[in-house]
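> following is a predicted model, sequence given first.
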Amino acid sequence: MALSEDQVNSQINQMVQFIHQEAREKASEIKLKADEEFNIEKLRMVEAEKQKIRQEYERKEKQVEVQKRIQQSNDVRASRLRTLKARDDAMQDLLKQAADKLPGLKSGAAGYAKLLESLIVEALKQLCDQKVVVKPVAGEEKATKDALPKAEAAFKKWATDEMGAEWAAGISVTMSSEVLSKGEHAGVQLIGMGGKITLTNTLKSRLVLAYECFLPQLRAALFD
């Protein structure tokens, strides 16, 4: 039985509607999938940016912490340096105060003559040479010249006991025309071994030696 034209058109319309429906459903499915993929990609990109921000924040936070520690270390170091400088200044002031008292040791002619003689004898024993030149402190030439005979005699007596009479007989102690700085206050400088060895035994050198020897005790007394 042949279909009428209306029936044919109706079937064609149904087929067209079906195709359109399929197309709409397919398009809807594609859009849904695209939206899902877009949202996933968007979330991935957002999370990646968040991770970058967190990493950058952590990096800067660590950098700030490092800088803070460096500054703290520098502050501690600077504080220690200031403390050390203050202590050194105090020690130098103490040394200066002691040095200022050295001229007082020269008061009294008899006492000073004995002190000068002792310094010369002590230096002669340390140098332990037969031919010695004695250099006085500026302004102390006469006092040194007057002390030499007794000092030489004491040295010869010591040398006779320690080195023998023959060695002691060859001792000759003379005074140099050159002088030491007045800043040495008192004492002498000995030149021996043919000019190869110089030994200074002045009040200033003795003070510096005593200062260096007792430095730990002085620091303990001042700062502990």
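Noted; the coordinates are in hand.

> contacting residues for the residue nearest to residue 181 when sequence neighbours are not counted?
Of all residues not flanking residue 181 in the chain, residue 138 sits nearest, at 6.5 Å (C-beta to C-beta, 6 or more residues apart in numbering). (Glycine included, C-beta is placed from N, CA and C.) For residue 138, the contact set (C-beta atoms under 8 Å, 6 or more residues apart in numbering) comprises 179, 180, 181, 182.

> out of these, who has the most neighbours?
residue 180 (22 neighbours; other C-beta atoms under 10 Å).

> nearest spatial neighbour of that one, chain-adjacent residues omitted?
Excluding the flanking residues, the one nearest residue 180 by C-beta to C-beta, 6+ apart is residue 137, at 4.7 Å.

> now render the contacts of residue 138 as JSON lines, adding distance to residue 49.
Putting the contacts of residue 138 into JSON lines (distance: C-beta to C-beta, whole Å) gives the following:
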{"residue": "179", "distance to residue 49": "85"}
{"residue": "180", "distance to residue 49": "81"}
{"residue": "181", "distance to residue 49": "78"}
{"residue": "182", "distance to residue 49": "81"}
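
> among those residues, which one lies nearest to residue 200?
The closest of the contacts of residue 138 to residue 200 turns out to be residue 180 (C-beta to C-beta; 7.8 Å).

> mind checking how far the closest one is from residue 90?
Note on residue 180: its distance to residue 90, by C-beta to C-beta, to the nearest Å, is 29 Å.

> can you classify residue 134 by secondary structure?
Three-state assignment for residue 134 (DSSP: H, G, I helix; E, B strand; the rest coil): strand.

> just the strands in this structure please.
Taking DSSP state E as the test, the strands found in the chain are 131-136, 172-175, 187-192, 197-202.

> what backbone torsions are found at the residue nearest to residue 181?
Dihedral pair for residue 138: phi -50, psi 130, per degrees, to the nearest 10.

> ditto for residue 140
Note on residue 140: its backbone torsions stand at phi -110, psi 20 [degrees, to the nearest 10].
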